[in-house]
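Engineer: Got a sequence here, can you build the structure:
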Amino acid sequence: MESLAKDHLIKDRKYYVIVIFIYISVFINSYIFFKDPFEFYIGYLIYLVLLPAFIGRHRPPFKLIGIFIILFISGLFNISIGNNTPQLFFKVFTGILLSYLFYYYVIVEFRFNLEQLFKWYLKGSYIVSVIGIIQFISFQLDFELGYNYSWIFNKWGLIKGGNFGLRVNSVFGEPTYLAATLSASFFVSVLNFVRKEVYFLTRFQSMVIILVYFLSFSGLGQVGVFLSIILLGISLGFLRYIFVIAPLGALLFSFLYSSSKDFSERFDSTVEIFTTEKFVLGKTHGSSFILYNNFVVATENFKSNFMFGSGVGSHPVAFEKFSTAKNIRVAGFSNNSADANSMLLRLLSETGLFGTLLFLYVTFKCYVRRNEQYDDYHWILSNSILIMILLSLFRQGHYFLNGFPFFMIMYYYNYASYKSYIETGQDLYNTTSKRLELAD
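Structural biologist: Prediction:
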């Protein structure tokens, strides 16, 4: 009996070490081991360590592999006609393939226990938010070791600005990454103050996440705030909450616009450049022009390669062909040429109709609305991750940064789990666990 107890303890320890490694790959992308010939993030090391063991225990995802076979063939064809280079294609294709396989096997390894996996993500969000609070307080106290983490992370930047002199980014490379990764936990946190019940987080933990989210002063984060308000309205009933949600949204926008110069400049510049198509040096905000420029590149490249795109990793090649910034002699306007500054633009450019429609199909087909008769975790998880997906479509073009494939696969299987729950009264975790127990 003592031996069995020790074996169980060892398995539990290994189990929690694996969990920690998995979520390190989600939250820590501000440290790289080397830059050439590509940036090797800590998450890649975790893929290489855990993925072989997962593959040895589980069947391959044939549908997912089928999609990658199409992308592989398309990539090779585009290399042969000069739309892409072998270096760009294999670097990006390998990263996407490994990350999607890894996170698929993570979900299978934990028997589709999506609720528990999401709870661990929320716990991680709270931890990095606490670090964000420490960073903010340390900055106000002028304690540099407490707010400048470049001595720990070698791909991390201190971003000055906001209303208090610092835009909080915690362990993330910049505030935008914080806003994108914490957006799902922000939705849950707001929900915990809107309803009497609390979900997954305490109200104190929710308050910490909300506070850090706002202290990032991220333009993308503000979009996440409005998406959260809209989805809460859809989920809880527009008629019931319209008199609260609509004024709240208007007041929030007015406050951000009047109190944050960076937000108002970005908003005005983005509206102006997309409506007039004119860039004025010294007036148009740089990030607005970068987004517009990548929009031009992506749409022009899509016209030439509308069915399957020019191959994953090829947007920098298209950027050289179609960029409107070639004659602007100011540094920085070629930023985000690798990821198109937007997942939607990058999908259009690199995967054409095939990849874009497939991505949008999964996004809208697998959305789970709140059903008062079955008020369980599925709708919360779905709405939370949908915000993360929409933010990535808008302004985050990296295919696998901060574990994005993990949430995309979780979103897909959450829909499948909800369907199982409606039809049988049991979600995927319960049905999978019972099947495995019978097999044993």
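Engineer: OK, contacts around F38?
Structural biologist: By CB atoms under 8 Å, 6 or more residues apart in numbering, the contact set of F38 is K91. Backbone N, C-alpha and C define where each C-beta goes, glycine included.
Engineer: Read off the pLDDT value for it.
Structural biologist: pLDDT recorded at F38 is 79.
Engineer: can you check D268 too?
Structural biologist: 68.
Engineer: do the same with L436
Structural biologist: Looking at L436, its pLDDT is 71.
Engineer: Quick check: closest non-adjacent residue to it.
Structural biologist: Of all residues not flanking L436 in the chain, R111 sits nearest, at 7.0 Å (CB to CB, 6 or more residues apart in numbering).
Engineer: and that neighbour, how many neighbours does it have?
Structural biologist: Using other CB atoms under 10 Å, R111 is surrounded by 16 other residues.
Engineer: Tell me if I'm right that it and T431 touch.
Structural biologist: No - counting by CB atoms under 8 Å, R111 stays clear of T431, with 9.4 Å between them.
Engineer: Against L117, how distant is the residue nearest to L436?
Structural biologist: To L117, R111 is 10 Å away according to CB to CB, to the nearest Å.
Engineer: For the residue nearest to L436, list the residues it contacts.
Structural biologist: Y429, T432, S433, L436.
Engineer: Let me know the helix or strand that it is in.
Structural biologist: R111 is part of no helix or strand when elements are defined by DSSP states H and E.
Engineer: From M408, how far out is it?
Structural biologist: Between R111 and M408 the computed distance is 19 Å (CB to CB).
Engineer: was I right about G132 contacting V212?
Structural biologist: Yes - using CB under 8 Å, G132 makes contact with V212 at a distance of 3.8 Å.
Engineer: overlap in contacts of the two?
Structural biologist: The contact sets of G132 and V212 overlap at V168, S170, L178 (CB under 8 Å, 6+ apart).
Engineer: does the residue lying closest to the second one once chain neighbours are set aside sit in a helix, a strand or a coil?
Structural biologist: Okay, so that is S170. Excluding the flanking residues, the one nearest S170 by CB to CB, 6+ apart is G132, at 3.9 Å. Secondary structure, DSSP: H, G, I helix; E, B strand; the rest coil: G132 is helix.
Engineer: Can you pull out the low-pLDDT segments for the stretch 1-150 of the chain?
Structural biologist: 1-14 (pLDDT under 70).
Engineer: send the alpha carbons of stretch 109-127 over as CSV?
Structural biologist: What follows is stretch 109-127, C-alpha atoms only, in CSV (Å, rounded to 0.1, in the frame of the first residue of the first chain):
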residue,chain,number,x,y,z
GLU,A,109,-4.5,14.1,-22.7
PHE,A,110,-6.8,15.8,-20.2
ARG,A,111,-9.8,13.9,-21.6
PHE,A,112,-11.5,17.0,-23.0
ASN,A,113,-11.9,18.4,-19.5
LEU,A,114,-12.3,21.9,-21.0
GLU,A,115,-13.7,23.4,-17.8
GLN,A,116,-10.6,22.5,-15.8
LEU,A,117,-8.2,23.6,-18.6
PHE,A,118,-10.0,27.0,-18.7
LYS,A,119,-9.9,27.3,-14.9
TRP,A,120,-6.1,26.8,-15.1
TYR,A,121,-5.9,29.6,-17.7
LEU,A,122,-7.9,31.9,-15.4
LYS,A,123,-5.6,31.1,-12.5
GLY,A,124,-2.6,31.9,-14.7
SER,A,125,-4.3,35.2,-15.7
TYR,A,126,-4.8,36.1,-12.1
ILE,A,127,-1.1,35.4,-11.3
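Engineer: Figure out how far stretch 56-73 is from the centre of its chain.
Structural biologist: Between the centre of stretch 56-73 and the centre of its chain there are 22 Å (CA atoms, centre = their mean, to the nearest Å).
Engineer: Against Q135, how distant is I42?
Structural biologist: 20 Å.
Engineer: These two: who's more crowded?
Structural biologist: Set side by side, I42 and Q135 show more neighbours around Q135, with 22 against 16, by other CB under 10 Å.
Engineer: Give the buried residues for stretch 36-56.
Structural biologist: Neighbour-count burial for stretch 36-56 flags Y41, I42, G43, Y44, I46, Y47, L50, L51, F54 (criterion: 16 or more other CB atoms under 10 Å).
Engineer: who's in contact with the first one?
Structural biologist: What that stands for is Y41. If you count contacts by CB under 8 Å, 6+ apart, Y41 has them with N29, Y31, I32, F33.
Engineer: The last one reaches G43, doesn't it?
Structural biologist: The reference is to F33. No - with contact defined as CB under 8 Å, F33 does not reach G43; the gap is 10.8 Å.
Engineer: Separate out the buried members of the shared contacts of G132 and V212.
Structural biologist: For the shared contacts of G132 and V212, buried by 16+ other CB under 10 Å: V168, S170, L178.
Engineer: ok so, going back, and the shared contacts of G132 and V212 as CSV, adding pLDDT?
Structural biologist: Output for the shared contacts of G132 and V212, formatted as CSV (pLDDT from 0 to 100):
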residue, pLDDT
V168, 95
S170, 96
L178, 95
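Engineer: between the residues you listed, which is nearest N84?
Structural biologist: Using CB to CB, L178 comes nearest to N84 of the shared contacts of G132 and V212, at 31.9 Å.
Engineer: That closest one and M207: what is the separation?
Structural biologist: Counting by CB to CB - L178 and M207 are separated by 17 Å.
Engineer: Same question for P175.
Structural biologist: 19 Å.
Engineer: The stretch 251-400 of the chain: helices as residue ranges?
Structural biologist: For the stretch 251-400 of the chain, applying DSSP state H, counting those that start in this stretch gives helices covering 261-276, 286-304, 315-322, 343-365, 377-395.
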